[in-house]
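Chemist: Provided below for reference: sequence and predicted model.
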Amino acid sequence: MPNKKTLPKSQYELSTGEVDKRFTRANEVRRDDDKLKELTIGLYDIDYCIKWYFDNVIKPEVNEFGSTLKVPVVHGSAEKWKNTQVDGYEGFHRDKNGKIQSPLISFKRMSITKNKTLSSKVDANFPQIYHSQAIKYNHQNPHDQFSVLTNSKPIKAYITTIIPDFVDVTYDVVIWTDFVEHMNGIVESILYSEGSYWGEPNKFKFRTKIDTFNHQTDLVQDQDRLVRTTFTITIMGYLVSDVLVKNLSKKQSSKVFDTRQLVIDTSVDSDPSVYQQADIAIMGGGVVVNEPTPIQSPTGGSGMDPLLSAYLNTNIAIQATSISIPDTAIFTATFLAAPVGLPPTSIASFIFFISGQYVEPAALESFVDNGDGTCTLTIDVAELGFTLVTADEIVAIGRFT
């Protein structure tokens with residue numbers, strides 16, 4: 001029988017055993033049809049940047065008997081690297097026929113140290129710091145002129161990436177040559193590139209540091225001469241790994257969309273046929289609609305009253321001149337009188353912001369015109385969640401004179 005147990009979807013569910021209500025289906029955005037995939041940087045990318053930089057930038061070469069030989073660069077496996085650490089003749093790499101491979105450069109990753117002096121994601125279970133990258137065009141926002149005609153705001157897509165883990169990766173490098181002259185040229189070319197950023201153009205690059213070169217030349221009886229140089233490379237890299245913990249702990253989807261918005265302008269239609277009312281009468285269980293008649297404006301015309309239009313389009317922003325702790329603010333302004341036929345101007349005719357934060361209507365207790373050129377706003381601090389202070393900037397937007 002198949003297992004029907006519900007699998008946890010977040011680190012919160014793993015640790016508490018409860019359903020995490022912070023994550024909704026709005027965060028579940030498909031990524032299989034994206035051209036821009038999620039960013040990942042692994043240890044392989046750091047290893048490869050060393051190999052690529054040696055082969056394409058440093059290009060170590062030796063001149064042997066009038067011929068230029070390219071020095072191969074190999075990654076030392078566990079078995080080969082053990083042999084390279086043995087003193088004497090057996091310290092060389094050999095091919096399958098037992099022939100010594102020289103000249104040769106071999107490197108191997110030795111240690112990884114996390115750099116805690118740089119920024120981090122704060123909490124891996126619930127990352128707080130991430131980077132967002134906007135995608136200009138997508139399948140919901142194609143490149144066309146229709147949005148200009150409809151005066152609509154296009155939807156933008158954003159790809160979010162957590163802040164990487166900054167690490168210092170240490171590599172041990174060994175160089176073998178037949179002659180000291182060959183070794184000098186290779187060491188000089190590597191020393192010149194120290195301190196630069198290694199990696200492919202338009203891809204990930206990492207800063208390098210090399211401190212000391214250790215040289216060793218041995219002359220063993222009845223054996224070939226050994227010319228060997230060892231040094232340590234420190235790569236200052238960063239990791240954005242594609243692991244299960246990151247997928248379970250992400251605060252939001254790795255791809256999000258912003259909100260579409262329609263910009264609407266107010267216009268007045270002077271055609272009297274638009275403003276009509278109809279008489280409805282009920283006769284014998286049916287509904288009879290009589291001939292509609294135009295609604296006349298207070299001025300006697302058939303269009304919208306200019307006073308009514310001006311009232312509806314009034315939105316004046318006024319900042320509070322004084323604040324009384326903990327819940328009162330005074331504005332130097334008066335209410336704009338409502339035209340005949342409309343409800344009087346009240347608290348519903350205004351919106352309020354405290355230090356840039358929108359105040360929900362439930363947190364507004366009262367807003368009255370004092371009749372002396374001032375208005376008083378009273379806040380429900382229990383609903384608001386905090387009390388007012390004199391440093392707050394309280395702004396009211398609405399129908400002021």
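Modeler: Received it, and whenever you're ready, just let me know what you need. Residues are numbered from 1 along each chain as shown.

Chemist: Helices of the stretch 51-200 of the chain, residue ranges please.
Modeler: Secondary structure of the stretch 51-200 of the chain by DSSP state H, counting those that start in this stretch: the helices cover 78-84, 146-150, 180-192.

Chemist: quick check: mean pLDDT across the second one?
Modeler: What that stands for is helix 146-150. Helix 146-150 shows an average pLDDT of 67 in the prediction.

Chemist: Same question for the first one.
Modeler: Averaged across helix 78-84, pLDDT comes to 56.

Chemist: Secondary structure class of residue 368, three-state.
Modeler: The three-state label for residue 368, taken from DSSP: H, G, I helix; E, B strand; the rest coil, comes out as strand.

Chemist: now do the one 3 residues further on
Modeler: Counting by three-state DSSP, the backbone at residue 371 sits in coil.

Chemist: Determine the number of other residues adjacent to it.
Modeler: A total of 9 residues lie near residue 371 under the criterion other CB atoms under 10 Å. Where C-beta positions appear, they are placed from N, C-alpha and C, glycine not excepted.

Chemist: could you measure it against residue 323, distance?
Modeler: For residue 371, the distance to residue 323 under the criterion CB to CB, to the nearest Å works out to 21 Å.

Chemist: Residue 365 now?
Modeler: With distances defined as CB to CB, the gap from residue 365 to residue 323 amounts to 15 Å.

Chemist: more crowded one of these two?
Modeler: Ranked by neighbour count (other CB under 10 Å), residue 365 and residue 323 place residue 323 first, with 19 against 16.

Chemist: Beta-bridge partners for that one, please?
Modeler: Here residue 323 shows beta-bridge partners residue 329, assigned using DSSP bridges.

Chemist: so it makes contact with residue 389?
Modeler: Yes: under the contact definition of CB atoms under 8 Å, residue 323 touches residue 389, with a separation of 7.3 Å.

Chemist: Are there residues contacting both of the two? Which ones?
Modeler: Taking CB atoms under 8 Å, 6 or more residues apart in numbering as the contact rule, residue 323 and residue 389 touch no residue in common.

Chemist: The nearest residue to residue 384 once chain neighbours are set aside: how many residues sit nearby?
Modeler: Setting aside the residues directly before and after it, residue 384 is nearest to residue 363 in space (CB to CB, 6 or more residues apart in numbering), at 4.2 Å. Burial of residue 363, expressed as a neighbour count using other CB under 10 Å, amounts to 17.

Chemist: Do you know the pLDDT at residue 363?
Modeler: Residue 363 is assigned 88 on the pLDDT scale.

Chemist: tell me the contacts of it?
Modeler: Contacts for residue 363 (CB under 8 Å, 6+ apart) come out as 379-380, 383-384.

Chemist: ok, now residue 170?
Modeler: Taking CB under 8 Å, 6+ apart as the definition of contact, the neighbours of residue 170 are 109-113, 232-235.

Chemist: thinking again about what came up before, and the contacts of residue 363, which two are furthest apart?
Modeler: Of all pairs drawn from the contacts of residue 363, the one with the longest distance (CB to CB) is 379 and 383, at 8.3 Å.

Chemist: For those two, indicate the residue with more neighbours.
Modeler: A count of neighbours by other CB under 10 Å puts residue 379 above the other of residue 379 and residue 383, at 23 against 13.

Chemist: List the residues that contact that one.
Modeler: Remark: with contacts taken as CB under 8 Å, 6+ apart, residue 379 is in contact with 327-329, 359, 363-365, 388.

Chemist: export those to CSV and tack on secondary structure and distance to residue 350?
Modeler: Rendered in CSV, the data for these read as follows (DSSP: H, G, I helix; E, B strand; the rest coil; distance: CB to CB, whole Å):
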residue, secondary structure, distance to residue 350
327, coil, 17
328, strand, 16
329, strand, 12
359, coil, 10
363, helix, 13
364, strand, 9
365, strand, 13
388, coil, 17
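
Chemist: okay, now the residue nearest to residue 334 when sequence neighbours are not counted: neighbour count?
Modeler: Here the nearest residue to residue 334 in space, its sequence neighbours aside, is residue 401; by CB to CB, 6+ apart that works out to 5.1 Å. One way to gauge burial is a neighbour count; for residue 401, by other CB under 10 Å, it gives 12.
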